[in-house]
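Asker: Sequence and predicted structure below; questions after.
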Amino acid sequence: MISVGRPYLPNKKKLYHLLDKIYANTWLTNNGPLSKELRQKLGEFLGVENLLLCANGTLALQIAYKALGVRGKALTTPFSFIATASSLEWEGIPFGFSDINPCTFNLDFTLAESSLSSGGFDSIVPVHVFGNPCDVEDAEMVAERHNLKVIYDAAHAFNVKYKNKSVLSFGDASTLSFHATKLFHCTEGGAVVFKKKEDLETAERLINFGFDENKEIRGPGINAKMSEIHAAMGLAVLDDFHLIQERVQQIANHYRDELKDYFMLQVWNEGSSSNNSYFPIVCKSEEELRALIKEMNDKNIYPRQYFSPSLDTLGYSSHTSGKMLKSIEIASKIICLPIYPEMSDEDVKSVVRVLKK
Ligand SMILES: Cc1ncc(COP(=O)(O)O)c(C=O)c1O
């Protein structure tokens with residue numbers, strides 16, 4: 001079976017060596033030595049400061065909203081994974097959607113500007129969809145004009161650079177997911193990168209029940225800490241990341257060369273790198289999409305209709321005027337092709353063969 005993704009399993013010996021350290025330390029969670037090591041290594045690898053590890057990417061979003069004091073309305077994209085919207089809903093933050101650019105699949109900040117004119121917004125939550133950086137300069141201009149906090153959902157944008165700088169260094173905060181399906185993962189995990197150290201310090205308390213470094217409770221918090229076992233998986237995967245990145249790049253290059261004349265491909269932000277964690281293609285119609293999925297499934301190939309449906313169609317509490325037509329249309333015609341490091345050349349060719357038939 002060739003499915004859309006397959007979790008990367010690092011070398012067992014490497015992982016066992018790290019697990020031995022956990023046994024030797026007798027330290028399983030609460031900012032243990034392996035979490036500290038992973039935090040430091042990730043900060044260096046990604047080229048960012050003020051990085052905080054969390055239990056998962058959804059909590060990373062919730063912690064970012066809380067640490068930044070987001071309470072008023074938020075504006076976000078309907079073309080994302082459900083966690084972008086459900087994290088707002090869960091935090092009791094009212095939100096509205098604004099439509100996307102159908103070529104980049106990211107928020108269109110010209111449209112966002114008119115959605116914001118109704119007033120009452122205090123934050124914007126753009127997503128770097130499939131790791132493609134949003135127009136961060138436009139986002140920041142809009143945020144400045146409307147006095148908004150910017151929280152990027154960068155769940156897919158691990159190790160992506162924009163103008164040679166980590167894309168995570170833009171905005172007031174950016175969040176990452178280290179879920180098993182991600183290119184870099186900890187089985188479950190996530191992180192927030194804050195612009196300001198003081199926000200990081202607030203978040204450090206928030207993820208640990210509100211305790212400060214003197215073990216005094218400074219306000220309400222939650223348990224969003226990463227355990228040592230998850231950090232061990234992260235350290236083992238990080239060690240292999242160059243191999244993971246190299247292989248998915250080869251696969252993506254092959255898909256791009258073979259499929260660019262057959263399907264609409266995501267238009268990438270100029271001046272930014274790609275981590276090739278996803279390979280979405282847009283079909284001409286929903287009918288073509290259904291037929292392709294069937295043909296692929298018949299050959300034991302399982303792509304994913306991702307993201308679908310458009311989040312504005314779910315009826316979540318929302319301050320949105322009108323339908324998000326571009327997002328709805330892309331959601332009805334898009335599929336993400338299988339891409340993962342262990343995929344063989346023959347597997348890649350068999351996917352291409354079905355698509356070019
Ligand atoms: C865009 C986006 N945001 C947030 C999340 C949530 O991350 P997690 O699964 O680690 O909670 C995901 C997960 O896939 C995602 O794709």
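Answerer: Structure received. Numbering: from 1, shown residues only.

Asker: where does the chain come near the ligand, residue by residue?
Answerer: Within the chain, the residues that sit near the ligand (CB under 6 Å from any ligand atom) are 56-58, 80-81, 83-84, 127, 153, 155-156, 177, 179, 190. C-beta coordinates here come from the backbone N, C-alpha and C atoms, glycine included.

Asker: For the residues you listed, pick the one with the most neighbours.
Answerer: Each of the residues of the chain next to the ligand was scored for neighbours by other CB atoms under 10 Å, and Asp153 scores highest at 30 neighbours.

Asker: And the closest residue to that residue other than its chain neighbours, its phi and psi?
Answerer: Using CB to CB, 6 or more residues apart in numbering and skipping the chain neighbours, the partner closest in space to Asp153 is Val127 (4.3 Å). For Val127, the backbone dihedrals are phi -120, psi 140 (criterion: degrees, to the nearest 10).

Asker: ok, Val127 touching Leu107?
Answerer: Yes: counting by CB atoms under 8 Å, Val127 touches Leu107, with 7.4 Å between them.

Asker: Pull up the overlap in contacts between these two.
Answerer: Common contacts of Val127 and Leu107 (CB atoms under 8 Å, 6 or more residues apart in numbering): 76-77, 134.

Asker: among those residues, which are in strands?
Answerer: In strands, defined here by DSSP state E, the members of the shared contacts of Val127 and Leu107 are Thr76.

Asker: Can I get the shared contacts of Val127 and Leu107 in a markdown table including pLDDT and neighbour count?
Answerer: Converted to a markdown table, those look like this (pLDDT from 0 to 100; neighbours: other CB atoms under 10 Å):
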| residue | pLDDT | neighbour count |
| --- | --- | --- |
| Thr76 | 96 | 27 |
| Thr77 | 97 | 29 |
| Cys134 | 97 | 31 |
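
Asker: all helices of the stretch 51-200 of the chain, in order?
Answerer: Secondary structure of the stretch 51-200 of the chain (DSSP state H, counting those that start in this stretch): helices located at 57-67, 82-90, 109-116, 136-146, 197-206.

Asker: looking at those, which is buried most?
Answerer: The highest average neighbour count among those, using mean count of other CB atoms under 10 Å, belongs to helix 57-67 at a mean of 26.

Asker: what angle separates that one from helix 197-206?
Answerer: Helix 57-67 runs at 120 degrees relative to helix 197-206, counting by axes from the mean of the first three to the mean of the last three CA atoms, to 10 degrees.

Asker: mind saving the C-alpha coords of helix 57-67 as CSV?
Answerer: Extracted as CSV, the C-alpha positions of helix 57-67 are listed here (Å, rounded to 0.1, in the frame of the first residue of the first chain):
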residue,chain,number,x,y,z
GLY,A,57,0.6,21.6,17.7
THR,A,58,-3.0,22.3,18.8
LEU,A,59,-1.9,23.2,22.3
ALA,A,60,0.9,25.2,20.8
LEU,A,61,-1.7,27.4,19.1
GLN,A,62,-3.8,27.7,22.3
ILE,A,63,-0.7,28.6,24.4
ALA,A,64,0.3,31.3,21.8
TYR,A,65,-3.2,32.9,21.9
LYS,A,66,-3.2,32.8,25.8
ALA,A,67,0.4,34.1,26.2
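
Asker: any idea how far Asn50 is from Phe109?
Answerer: Remark: distance between Phe109 and Asn50 (CB to CB, to the nearest Å) = 25 Å.

Asker: just to revisit the earlier point, so who does the residue nearest to Asp153 touch?
Answerer: In this structure, Val127 makes contact with 76-77, 79-80, 84, 106-107, 134, 152-156, judged by CB under 8 Å, 6+ apart.

Asker: the strands in this protein, which residues?
Answerer: With DSSP E, the ranges of strands along the chain come out as 2-3, 51-54, 73-76, 95-97, 121-125, 149-153, 161-162, 165-166, 173-177, 190-194, 264-265, 280-282, 301-302, 334-336.

Asker: Turn the ones you listed into CSV, including distance to Leu18.
Answerer: Below are the strands of the chain laid out as CSV (distance: least, CB to CB, whole Å):
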stretch, distance to Leu18
strand 2-3, 27
strand 51-54, 15
strand 73-76, 37
strand 95-97, 39
strand 121-125, 34
strand 149-153, 29
strand 161-162, 28
strand 165-166, 25
strand 173-177, 21
strand 190-194, 19
strand 264-265, 38
strand 280-282, 34
strand 301-302, 32
strand 334-336, 31
